[in-house]
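Visitor: Mind looking at a prediction? Sequence and model below.
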Amino acid sequence: MSWALSIDRSDITRAEMVEEPSRALEDGEARLTIQSFALTANNITYAAFGEAMGYWRFFPGADGRGRLPVWGFAQVSESRADGLQEGERVYGYWPAASELIVTPGKLRPESFIDAAPHRAGLPAVYNRYVRCAGDPAYDRAREPAQMVLQPLFLTSFLIDAFLRDQNCLGARAVILTSASSKTALALAFLLGRNRPEALRIEALTSARNAAFVEASGLYDHVIAYDDIGSLDASEPRLIVDFAGAAEVNRALHDHLGKGLKGNIRVGGAHWDDSAPAPDLPGPKPVFFFAPDHARERMAEWGPEEFARRQGGAWTAFAKSADDLLTWRTLKGGAAALGAYQALVKGDVPAIEALVVEAQER
């Protein structure tokens, strides 16, 4: 018997742990026992936008409810797929559950894809699985950082490349909402490397997280949400919005006025207040969908150059992040459910990085 988190698609606060019987494999399939995965605010974004962005389509549940996508490691426990051996360790995109059956395709020494029919047409970046034995960058000691930070880092890497190509839309300051989020921290780190000339990196965060954001050393200026009115509205400024909070967007647009050069919406940390505010003055928020940008960059740079650039930037960030977070390990499905519920409520401190061991020992 396996377990999974089961989430109401219309109300993501309604979640439960369910037991699911394991079925026999068909030819061409493999069973992967999920060993560990991360839980972050990014996973709440997956749930909040599950219908709109298709995240619920990856792991359909027998009960018709949502299965939360997560990033982590698994082991091949049974295989009827040529070229994939039992015992292999694999990194990739899983349900918050104890196992997943896949249909391996395009097997290479370093990777394969899940070619299951229901995943055809879904973004390739989520369908690719890394075979750890064939990954020269794999480091068992860095597995927690890879699970917690690397999926978010790819989005930050793509935003950084976009902003540089667009000369930050003419802005002299970039303000990151939900600045304590791991995706925002990674973007601040990237922007600070080889910083665009005269660009200031600003953090917008809650009073509760201000000390953590300040201590990160990644921002030039930290502003609490209640202090938006203190910003110099005459300075050309760009919003990169990781919060997705309607009230925050309204306050920023109203205050910055003609000085606002753009609003790039990335996530929904404030998922319960994420409906776009009507009639916002200035440029309208534009959603940044990372898989589309990844496809464009791979076409522009080529897959090998894309991997080289992203890998070099990731290694630098991972080393800098070692002491940035407090790492906490949880065990089993009940603990995963509790952590998910705490994240939905916003009760997990920004400094904490949560890793779930899916198999209780």
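Guide: Structure received. Numbers count the residues shown, from 1 in each chain.

Visitor: Find the nearest non-adjacent residue to residue 38, please.
Guide: residue 147 (3.8 Å; Cβ to Cβ, 6 or more residues apart in numbering). Where you see a C-beta, it was placed from the backbone N, CA and C, and this is true even at glycine.

Visitor: what's around that neighbour, how many residues?
Guide: Each residue near residue 147 was counted by other Cβ atoms under 10 Å, and the total is 23.

Visitor: Residue 214 now?
Guide: Close neighbours of residue 214, defined as other Cβ under 10 Å, add up to 15.

Visitor: That one and residue 220 touch, don't they?
Guide: No. If you go by Cβ atoms under 8 Å, residue 214 and residue 220 don't touch, sitting 10.9 Å apart.

Visitor: related to what we said a few turns ago, tell me how far the residue nearest to residue 38 lies from residue 179.
Guide: The spacing between residue 147 and residue 179, counted by Cβ to Cβ, to the nearest Å, is 22 Å.

Visitor: With residue 1 instead?
Guide: Noted for residue 1: a distance of 42 Å to residue 179, by Cβ to Cβ.

Visitor: higher neighbour count, those two?
Guide: Using other Cβ under 10 Å, the more surrounded residue of residue 1 and residue 179 is residue 179, with 30 against 7.

Visitor: What sits closest to the more buried one if chain neighbours are left out?
Guide: Nearest to residue 179 is residue 203, by Cβ to Cβ, 6+ apart, at 3.4 Å.

Visitor: Look up which residues are beta-bridged to the one you found.
Guide: residue 176, residue 222 (DSSP bridges).

Visitor: give me the number of residues near residue 129?
Guide: Look at residue 129: counted by other Cβ under 10 Å, it has 23 neighbours.

Visitor: Which SSE is immediately downstream of the helix or strand harbouring it?
Guide: Using DSSP states H and E, residue 129 falls within strand 128-131. Remark: after strand 128-131, the chain's next helix or strand is helix 143-165, criterion DSSP H and E.

Visitor: Any buried residues in stretch 24-40, and which?
Guide: Of the residues in stretch 24-40, 28-32, 34-40 count as buried by neighbour count, 16 or more other Cβ atoms under 10 Å.

Visitor: And stretch 109-124, by the same measure?
Guide: 110-116, 119, 122-123.

Visitor: Pipe the buried residues of stretch 24-40 into TSV and attach pLDDT per row.
Guide: Listed next are the buried residues of stretch 24-40 as TSV, based on pLDDT from 0 to 100:
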residue	pLDDT
28	97
29	98
30	98
31	98
32	98
34	98
35	98
36	98
37	98
38	97
39	96
40	90
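
Visitor: Mind putting the residues you listed into JSON lines with secondary structure and distance to residue 196?
Guide: What follows is the buried residues of stretch 24-40, written out as JSON lines (DSSP: H, G, I helix; E, B strand; the rest coil; distance: Cβ to Cβ, whole Å):
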{"residue": "28", "secondary structure": "coil", "distance to residue 196": "49"}
{"residue": "29", "secondary structure": "coil", "distance to residue 196": "48"}
{"residue": "30", "secondary structure": "strand", "distance to residue 196": "46"}
{"residue": "31", "secondary structure": "strand", "distance to residue 196": "48"}
{"residue": "32", "secondary structure": "strand", "distance to residue 196": "42"}
{"residue": "34", "secondary structure": "strand", "distance to residue 196": "41"}
{"residue": "35", "secondary structure": "strand", "distance to residue 196": "40"}
{"residue": "36", "secondary structure": "strand", "distance to residue 196": "37"}
{"residue": "37", "secondary structure": "strand", "distance to residue 196": "35"}
{"residue": "38", "secondary structure": "strand", "distance to residue 196": "31"}
{"residue": "39", "secondary structure": "strand", "distance to residue 196": "33"}
{"residue": "40", "secondary structure": "coil", "distance to residue 196": "28"}
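
Visitor: Nearest residue to residue 295 in space, ignoring adjacent ones along the chain?
Guide: Closest to residue 295 by Cβ to Cβ, 6+ apart is residue 124, at 7.5 Å.

Visitor: before we move on, the earlier item: any idea of the pLDDT on the residue nearest to residue 179?
Guide: Looking at residue 203, its pLDDT stands at 97.

Visitor: distance of it from residue 191?
Guide: Using Cβ to Cβ, residue 203 is found at 12 Å from residue 191.

Visitor: do residue 156 as well
Guide: 9 Å.

Visitor: Which one of the two is surrounded by more residues?
Guide: Neighbours per residue (other Cβ under 10 Å) separate residue 156 from residue 191, with residue 156 holding more: 27 against 24.

Visitor: OK, contacts around that one?
Guide: For residue 156, the contacting residues are 183-184, 186-187, 189-190, by Cβ atoms under 8 Å, 6 or more residues apart in numbering.

Visitor: Include neighbour count and secondary structure when you put those residues into JSON lines, please.
Guide: Converted to JSON lines, the contacts of residue 156 look like this (neighbours: other Cβ atoms under 10 Å; DSSP: H, G, I helix; E, B strand; the rest coil):
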{"residue": "183", "neighbour count": "27", "secondary structure": "helix"}
{"residue": "184", "neighbour count": "31", "secondary structure": "helix"}
{"residue": "186", "neighbour count": "27", "secondary structure": "helix"}
{"residue": "187", "neighbour count": "28", "secondary structure": "helix"}
{"residue": "189", "neighbour count": "22", "secondary structure": "helix"}
{"residue": "190", "neighbour count": "23", "secondary structure": "helix"}
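
Visitor: Fine by me, thanks again.
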